[in-house]
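Participant: fold the following, please.
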Amino acid sequence: MEAPGVNVHPVAHTIGKVPKITLGKGVAHMAPTGPSDGQAKHHKDFKLNITKALGDQLAEELKSLAHASLDEENIGKLREAGGVYQLYHNDVFVYVGKADSSLPDRLRNHLQKISGRCEIPLTEVTFSCLYVDDDFSALAPEQLLIYHHKRLNGIPWNNNGFGNKDPGRQRDTSAVKAGHFDMRFPIDLDYVIEGLTPGPTTLRLFLQTIKDRLPYTYRYQKIGPFEQKIVTVPASTMTTDAAFRLVSSAIPDDWQIVALMGYVIMYPDSPTPYTSARRYYRGGTPVDARPTVDTVHPITEDAPAEGANDNE
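Facilitator: Now for the predicted structure:
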């Protein structure tokens, strides 16, 4: 039996190879659904499973590609086009993602996020990707790949919070789940913030500069009348830890900066403890903490929630 003609031509990208995917006659999977009645053995109904065929072929094309280091040099070689991609940690497949319009932008987001994490050097992370035509993107190629891999060995980072955005104020007090990306690879408080202007500046401008240049979320409540307070930036580069010490020395005593496992917050609630805190900054002094691990509840992919942009 021949499947209806379905021709899809996403173009793959990696160094040195440009494969195509084509689903034509006879390629789509035919899945038996069981006898038409309880007794018949000589005839069955069949269901055309085009999505499985597409997912399998996408996976095969990605598997055939070389892995490129997740760095600006390799990302800069990509076309400004949408598509699907896979990430690898120490050459082990860990994540499937998609970009609706720009693979480079999406991969740069991942590059930035991983650059601000502990226990995972960027040299350990690689990627491969396929450009996908707009017509094909309507078939949700990312979901086809996810379905394909879940039938096999799973996708570690698609199910551990790697793709999560800022969950919002209502989740700040939650315990981080065992196996969560933030628990395995917490934010790096020794990350170096570059391009600062040494000398006096307002607290408001310094806070905005930190927020813009950190590779993880720094969310804070509007600081009100003391935003014009003057702080002195000591050098053109500062570690995140040093920057938070400076800020915490300039804000009122009832405020605190809390470094959670995956992001940082600042609110007027000192000395309120947070379950997932790894460090507090109060009055210019850091106070280390031991986060509580949730070993009971499963990990879910969080969407951005209300309260995720309190300072904007």
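Participant: so where's this protein shaky on pLDDT?
Facilitator: 1-40, 47-49, 134-139, 299-312 (pLDDT under 70).
Participant: residue boundaries of the helices in it?
Facilitator: 50-63, 72-75, 103-115, 134-137, 141-150, 181-184, 203-213, 240-250 (DSSP state H).
Participant: any idea how far the residue nearest to the spatial centre of the chain lies from Met261?
Facilitator: Residue closest to the average C-alpha location in the chain (CA atoms, centre = their mean): Gly163, at 3.1 Å. As for Gly163, its distance to Met261 is 16 Å (criterion: CB to CB, to the nearest Å). (Each C-beta comes from the backbone N, C-alpha and C, glycine too.)
Participant: now Arg279
Facilitator: From Arg279 over to Met261 (counting by CB to CB), the distance is 10 Å.
Participant: go ahead and confirm the residue nearest to the centre of the chain touches Lys98.
Facilitator: No: taking contacts as CB atoms under 8 Å, Gly163 lies outside contact range of Lys98: 10.6 Å.
Participant: now do the shared contacts for these two.
Facilitator: In terms of CB atoms under 8 Å, 6 or more residues apart in numbering, Gly163 and Lys98 are not both contacted by any residue.
Participant: count of neighbours near the closest residue to Leu107 other than its chain neighbours?
Facilitator: Counting by CB to CB, 6 or more residues apart in numbering, Ile75 is the residue found nearest to Leu107 once chain neighbours are left out, at 5.1 Å. Residues contacting Ile75 under the criterion other CB atoms under 10 Å number 20.
Participant: do the same with Glu61
Facilitator: Counted with other CB under 10 Å, Glu61 comes out at 19.
Participant: how much space separates the residue lying closest to Pro298 once chain neighbours are set aside from Ile50?
Facilitator: Nearest residue to Pro298, sequence neighbours excluded (CB to CB, 6+ apart): Lys177, at 7.3 Å. Distance, Lys177 to Ile50, by CB to CB: 36 Å.
Participant: out of these two, which sits in the busier spot?
Facilitator: Lys177 (20 against 17).
Participant: wait, that one touches Ser276, no?
Facilitator: No: the criterion here is CB under 8 Å, and Lys177 misses it with Ser276 at 9.9 Å.
Participant: mutual contacts of these two, please.
Facilitator: With CB under 8 Å, 6+ apart, Lys177 and Ser276 have no common neighbours.
Participant: which parts of the stretch 151-300 of the chain are strands?
Facilitator: Using DSSP state E, counting those that start in this stretch, the strands found in the stretch 151-300 of the chain span residues 176-177, 192-193, 199-202, 218-220, 230-233, 238-239, 256-260, 264-267, 277-282, 285-288, 293-294.
Participant: ok, Glu72 touching Leu111?
Facilitator: Yes: with contact defined as CB under 8 Å, Glu72 reaches Leu111; the gap is 7.2 Å.
Participant: between those two, who's got more neighbours?
Facilitator: Leu111 (20 against 12).
Participant: next up, the contacts around that one.
Facilitator: Counting by CB under 8 Å, 6+ apart, Leu111 has contacts Leu70, Asp71, Glu72, Ile75, Leu122.
Participant: what two of these are the furthest from one another?
Facilitator: Greatest spatial distance in these: Ile75 and Leu122, 11.7 Å, computed using CB to CB.
Participant: and Gly83, how far from Ala99?
Facilitator: 6 Å.
Participant: of the two, which one has the most company?
Facilitator: Gly83 (27 against 23).
Participant: wait, that one sits on Ser128?
Facilitator: No: Gly83 lies out of contact with Ser128 (CB under 8 Å); the separation is 10.6 Å.
Participant: which of the residues in stretch 224-236 are buried?
Facilitator: Val231, Val233 (16 or more other CB atoms under 10 Å).
Participant: for stretch 43-58, same thing?
Facilitator: Going by 16+ other CB under 10 Å, stretch 43-58 has these buried residues: Ile50, Thr51, Lys52, Ala53, Leu54, Gly55, Asp56, Gln57, Leu58.
Participant: mind putting those into JSON lines with distance to Arg219?
Facilitator: Formatted as JSON lines, the buried residues of stretch 43-58 follow (distance: CB to CB, whole Å):
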{"residue": "Ile50", "distance to Arg219": "43"}
{"residue": "Thr51", "distance to Arg219": "39"}
{"residue": "Lys52", "distance to Arg219": "41"}
{"residue": "Ala53", "distance to Arg219": "44"}
{"residue": "Leu54", "distance to Arg219": "39"}
{"residue": "Gly55", "distance to Arg219": "37"}
{"residue": "Asp56", "distance to Arg219": "41"}
{"residue": "Gln57", "distance to Arg219": "42"}
{"residue": "Leu58", "distance to Arg219": "36"}
